Each structure stands twice: as C-alpha cells, then as structure tokens.
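Enquirer: Sequence and predicted structure are below.
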Amino acid sequence: MADYGFDGMIKVSFVPTIANLSAPTTAELTAGTPLEDVLTPDGLTISSDTATVDTSKLSSTFTANIVGRSSFTLGIKYVRGTDTKQTAVETAMVRGANGYLVVRRDIVASTAWTAAQKVEVYPCQVGEANPDNPAPNALQTVSIPLTNTALPKTLTSRATVA
C-alpha cells in the first residue's frame, strides 16, 4: 500500500466562473489563475469544522450530540514578485472578488486539467490581502483569507472534471 505525499502533487487555481460545481469543465478550469507555482509549501489552507447540536435532556446524566452545521476556513499564502504568475494572482485575487478555489490532489501538479479527474471546488470570496511580517533570510509573502460562500465539493464529495 502506498502513502500519499504532498510535494508536487497538488494543483490549485482560482477560477472566476463554474456553471456546475459537480462537473467543472476543462475550459473553466484552464481559464482560472494557477496558484501552485506561487504558493509557499504550506500556503494552502483548507480546514473544516463541524458544529454539534446538544440532544441531551434535563433528566440525562450524559451529554449527547448530533452533527450540526459545517464550516470551512480557506486561505492562501503566496510569494510576491514580478513574475507574470505572481502578478496574475494579485490581479485576480482582489478583495471582494468572487470565484472558486479548485484543488486537485494526487496527480503531478504540471499535468493539465483533464476530463474525469477528481477535484475539490470551494465557492469563495476573496478577503483583504495581508503582507506577512518582514523576516531575515525570507521571501516576501502575502496571506489572503477566503470566505466560503456556498456548499463546496470537498475531499469527501469531490467533483468530476467534465
């Protein structure tokens, strides 16, 4: 049995328009802004949280719960520079821009978007860019929070590229 590694195996784009979250097209994905070549190695944040609903009763001596609402925390951290890939990120990901963070895992990042690939699609809105604090021997980086605006297609309910 093989384990999955991260290095070079994640493709990420900010896509302005997707008509069907369950089946984004290769044209839609290709029209997006590629991010994997400008993100820091730890520059992709996708975490989920599931709230709970207390179902215990006054007579109970045990706190019972059921699954409540889910939420996601999304964000990116990229390296600033004058390369066209870096300036494309700054042009596309301005505060208030709506789009989709699309993530493909377990295929070499340089592989083009292709039909039948499994992807995660997170509808989102771009937050305020935050230049990270200066540090010696470090590149300039910027963190951008993304708010999840609708129910996404996550790792456990991935979309299939059409």
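Expert: Noted; the coordinates are in hand.
Enquirer: Could you point out the longest helix of this protein?
Expert: helix 84-92 (DSSP state H).
Enquirer: Which elements pack onto that helix?
Expert: For helix 84-92, the packing partners by 3 or more C-beta pairs under 8 Å, 6 or more residues apart in numbering; DSSP states H and E come out as strand 33-34, strand 65-79. Placement of C-beta: from N, CA and C, glycine included.
Enquirer: helix or strand right after that helix?
Expert: Next helix or strand after helix 84-92 toward the C-terminus (DSSP states H and E): strand 98-105.
Enquirer: Could you pull out the strands in this protein for me?
Expert: Using DSSP state E, the strands of the chain run over residues 10-15, 33-34, 39-54, 65-79, 98-105, 118-126, 130-131, 141-148, 159-160.
Enquirer: neighbouring strands for the last one, and are they parallel or not?
Expert: Based on DSSP bridges, the pairing partners of strand 159-160 within the sheet are strand 118-126 (antiparallel).
Enquirer: Distance from the partner strand to the middle of the chain?
Expert: 6 Å (C-alpha atoms, centre = their mean, to the nearest Å).
Enquirer: Excluding its own residues, what touches that strand? List them.
Expert: Residues outside strand 118-126 that contact it (C-beta atoms under 8 Å, 6 or more residues apart in numbering) are 14, 18, 21, 24, 29, 46, 72, 74, 93-105, 144, 146-155, 158-161.
Enquirer: Noted, bye for now.
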